[in-house]
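**Q** With the input below, show me the fold.
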Amino acid sequence: VFAEEYPQVNVINYSPGPVETDMLKALIGTTIDEDVRRRIGGIRDREKQLTPEQTINRLIDILREQKYKSGDYVDYYNDISDYPLEP
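**A** Below is the predicted model:
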């Protein structure tokens, strides 16, 4: 909605992926939901978590290329070459 109401503003909804942070560590250690703990622990066991630097560098690349439409949802793992250039 914001992107439509303010077309002069470049809006992106960025999902940074599973980032290795204190919050992720705390979630694994404190959650009572066994399924959540298993899924997050599995990400760490498979070394799929990202460093903050990795996800920030990816965001910078996405912003530089601007191959998304303002207001789009872009995930760390999306192939940005699939996005059309905004008119």
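**Q** make it CA atoms for all contacts and neighbour counts henceforth
**A** Fine.
**Q** List the buried residues for the worst-scoring helix or strand of the chain on mean pLDDT?
**A** Of all helical and strand segments in the chain, the minimum by mean pLDDT, DSSP states H and E falls on helix 34-45, at a mean of 77. With burial defined by 16 or more other C-alpha atoms under 10 Å, the residues of helix 34-45 counted as buried are 37, 40, 41, 44.
**Q** residues in contact with the first one?
**A** I take that to be residue 37. Residues in contact with residue 37, defined by C-alpha atoms under 8 Å, 6 or more residues apart in numbering, are 27, 28, 29, 31.
**Q** rewinding a little: for the buried residues of helix 34-45, give me JSON lines that also has distance to residue 63.
**A** What follows is the buried residues of helix 34-45, written out as JSON lines (distance: C-alpha to C-alpha, whole Å):
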{"residue": "37", "distance to residue 63": "33"}
{"residue": "40", "distance to residue 63": "28"}
{"residue": "41", "distance to residue 63": "31"}
{"residue": "44", "distance to residue 63": "28"}
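**Q** out of those, which one sits closest to residue 52?
**A** Closest approach between these and residue 52, by C-alpha to C-alpha: residue 44, at 14.6 Å.
**Q** for the residue lying farthest from the centre of the chain, helix, strand, or coil?
**A** If you look at how far each residue of the chain sits from its centre, by C-alpha atoms, centre = their mean, the farthest one is residue 32, at 25.0 Å. Classification of residue 32 by DSSP: H, G, I helix; E, B strand; the rest coil places it in coil.
**Q** Let me see the mean pLDDT of stretch 4-23.
**A** Averaged over stretch 4-23, pLDDT sits at 91.
**Q** nearest spatial neighbour of residue 29, skipping sequence neighbours?
**A** Setting aside the residues directly before and after it, residue 29 is nearest to residue 37 in space (C-alpha to C-alpha, 6 or more residues apart in numbering), at 7.9 Å.
**Q** and the nearest residue to residue 15 once chain neighbours are set aside, what does it touch?
**A** The shortest distance from residue 15 to any non-neighbouring residue, by C-alpha to C-alpha, 6+ apart, is to residue 75 (4.6 Å). For residue 75, the contact set (C-alpha under 8 Å, 6+ apart) comprises 14, 15, 16, 17.
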